[in-house]
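Novice: Test case, fold it:
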Amino acid sequence: LECPEALREHLMNALRTECSTNLLRRQRVLHLIGELKQTGIEAKILKGYAIAENYVCPESRSSVDTDLLIDIQQEEAALRFLEARGFRITPRAKTCHHTICQHKKYGEIEPHVALYDELIRDAWFQSADAAALVHERPVTIETPDGSYTALGYTDHLIFIALHMVKHFILGGLTLRMMLDIALLFARNRERIDAARFWSTMERLHYAKLVNCVLWAMILYGGFQAADFPGCTAEAPEQIALMLGDLLQGGYMGVKEMDARYASGMEYNRLVLLKSKSATGYRLYMLRFKMRSAAKHMFPTGKMLREMYPHAGRHAAVLPFLFFYQMFAYPIKKVRSGALRRDIRSGSGTLEQGTQARLDMFRKLDML
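Specialist: Numbering: from 1, shown residues only. As a prediction, this is how the structure comes out:
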């Protein structure tokens, strides 16, 4: 691609800085995954380093965190392993699919016991999870810094496409998400079952959005139509809508966070109403919110000590703190408007930005 020399030099300097920053952490994390495997815990890398292998310079693709898919039966052992190495563990809620583990040297590692959060899996992706979406043998990727296991190529393409869809609905796209899909597809098109990929996107009503992403890469990113077997013969007319949404919202929709979250939860309501009554929808969401809040309403002693560091030092006070938290947390959530924000009535006029995104979802055949 033609690029002015001054801009090219700026980008190359940014590339070198990014690579040097990422290289050391990558070595540490891959060594840690190797140690995890030696203890008998199998972990597959999701996105991140596995997707970076498709870039010309893998260490140039930074990752905010390292996502690992593990068997739920091995979750406790994996968390004990990480805690013993100095990670700070934030337990997951019952409806959440991953735990957050933070360390100064390794960054953030997220052990996943499922591919998506419960609400997104059941409502948006029609209960599709590992059993439905992971059909292939895992692949082993060899690198100078060590080997690791990842999802099979078609499984991984489906996963990152749906991961992108989730972010698009709740916030917005990023160029990196779009490049991840394009590069994984293009570099491995001979290994990917394109028919299975597109039939999955069609069944879940996200084929038009994915076609828009891939055609944007063809029109503006230096890719060829042949890189993406099964994509539409012509560019969808909704590409301008999708790119306009990306520009207007900024990185993952950060410029319009509230309006975009509202459009995501309204999308959630409309999808659930296809299979439930209005009352059924409210009951489903209320149960979901209560199960999500359970870990905060009924915290462990360790969590109480972290939440109330001064009072928590006295064992005799812990039972009182437990009962206080049990009632205080839901009251705080109700007063904050969280229930009203997530469990929507469908009455009243939507804000302009929220309505515009719902109109876009309809034009992309997502509703």
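Novice: going forward, measure contacts between C-alpha atoms and count neighbours the same way
Specialist: Fine.
Novice: Sketch out the low-pLDDT regions of the stretch 51-200 of the chain for me.
Specialist: Along the stretch 51-200 of the chain, the parts satisfying pLDDT under 70 run over 129-131.
Novice: One more pass at 90, please.
Specialist: 57, 59-60, 62-64, 91, 93-94, 122-123, 126-135, 143-147 (pLDDT under 90).
Novice: so where's the stretch 251-367 of the chain uncertain?
Specialist: 293-340, 345-353.
Novice: Mind doing that once more with 80?
Specialist: 310-313, 347-348 (pLDDT under 80).
Novice: And the residue nearest the centre of the protein?
Specialist: In the chain, the centroid-proximal residue (C-alpha atoms, centre = their mean) is residue 163; its distance is 4.9 Å.
Novice: Show me what the helix or strand encompassing that residue is packed up against.
Specialist: Assigned by DSSP states H and E, residue 163 belongs to helix 153-170. If contacts are counted by 3 or more C-alpha pairs under 8 Å, 6 or more residues apart in numbering; DSSP states H and E, helix 153-170 sits against helix 130-133, helix 175-187, helix 194-203, helix 257-272.
Novice: Which residues does the last one contact?
Specialist: To tie it back to what came earlier, the one meant is helix 257-272. 123-124, 169-172, 253, 281, 341-344, 346, 351, 353-355, 357-358, 367 (C-alpha atoms under 8 Å, 6 or more residues apart in numbering).
Novice: And those, which of them are buried?
Specialist: 123-124, 169-172, 253, 281, 342-344, 354-355, 357-358 (16 or more other C-alpha atoms under 10 Å).
Novice: Those residues: which two are farthest apart?
Specialist: Distances among the buried ones among the contacts of helix 257-272 were taken as C-alpha to C-alpha; the most separated pair is 253 and 281, at 26.7 Å.
Novice: Please point out which parts of stretch 326-346 sit buried.
Specialist: So stretch 326-346, judged by 16+ other C-alpha under 10 Å, has buried residues 326, 330, 342, 343, 344.
Novice: Apologies, that question was intended for stretch 115-125.
Specialist: In stretch 115-125, counting by 16+ other C-alpha under 10 Å, buried: 115, 116, 117, 118, 119, 120, 121, 123, 124, 125.
Novice: Mind checking which of these are in strands?
Specialist: Among the buried residues of stretch 115-125, the subset assigned to strands under DSSP state E is empty.
Novice: Need those in TSV (columns: distance to residue 58).
Specialist: TSV is the format used below for the buried residues of stretch 115-125 (distance: C-alpha to C-alpha, whole Å):
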residue	distance to residue 58
115	24
116	25
117	28
118	32
119	33
120	30
121	30
123	35
124	32
125	30
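Novice: Among those residues, which one sits closest to residue 28?
Specialist: Distances from residue 28 to the buried residues of stretch 115-125, taken by C-alpha to C-alpha, are shortest for residue 115, at 24.3 Å.
Novice: distance of that closest one from residue 269?
Specialist: Distance, residue 115 to residue 269, using C-alpha to C-alpha, to the nearest Å: 22 Å.
Novice: Could you do residue 97 as well?
Specialist: Distance from residue 97 to residue 269, by C-alpha to C-alpha: 21 Å.
Novice: neighbour-wise, which of those two wins?
Specialist: residue 269 (22 against 19; other C-alpha atoms under 10 Å).
Novice: what's the helix or strand where residue 354 lies packed up against?
Specialist: Taking DSSP H and E as the criterion, residue 354 maps to helix 352-363. On a contact count with 3+ C-alpha pairs under 8 Å, 6+ apart, helix 352-363 meets helix 257-272.
Novice: Residue 234: neighbour count?
Specialist: Neighbours of residue 234 (other C-alpha under 10 Å): 9.
Novice: isn't there a helix covering it?
Specialist: No: looking at residue 234 with DSSP: H, G, I helix; E, B strand; the rest coil, it is coil, so not inside a helix.
Novice: circling back to that earlier point, want to try TSV for the helices and strands packed on helix 153-170, with distance to residue 141 as columns?
Specialist: What follows is the helices and strands packed on helix 153-170, written out as TSV (distance: least, C-alpha to C-alpha, whole Å):
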stretch	distance to residue 141
helix 130-133	20
helix 175-187	14
helix 194-203	22
helix 257-272	36
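Novice: Nearest to residue 221, out of those helices?
Specialist: helix 175-187 (8.6 Å).
Novice: Kindly calculate the angle that that closest one makes with helix 194-203.
Specialist: 140 degrees (axes from the mean of the first three to the mean of the last three C-alpha atoms, to 10 degrees).
Novice: Mind listing what's buried along helix 175-187?
Specialist: Those would be 177, 178, 179, 180, 181, 182, 183, 184, 185, 186, for helix 175-187 by 16+ other C-alpha under 10 Å.
Novice: quick one, which of the helices and strands packed on helix 153-170 is nearest to residue 102?
Specialist: Using C-alpha to C-alpha, those put helix 175-187 closest to residue 102, at 23.3 Å.
Novice: can I get the buried residues of helix 175-187 in a markdown table with distance to residue 16?
Specialist: What follows is the buried residues of helix 175-187, written out as a markdown table (distance: C-alpha to C-alpha, whole Å):
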| residue | distance to residue 16 |
| --- | --- |
| 177 | 21 |
| 178 | 22 |
| 179 | 19 |
| 180 | 20 |
| 181 | 23 |
| 182 | 23 |
| 183 | 21 |
| 184 | 23 |
| 185 | 26 |
| 186 | 25 |
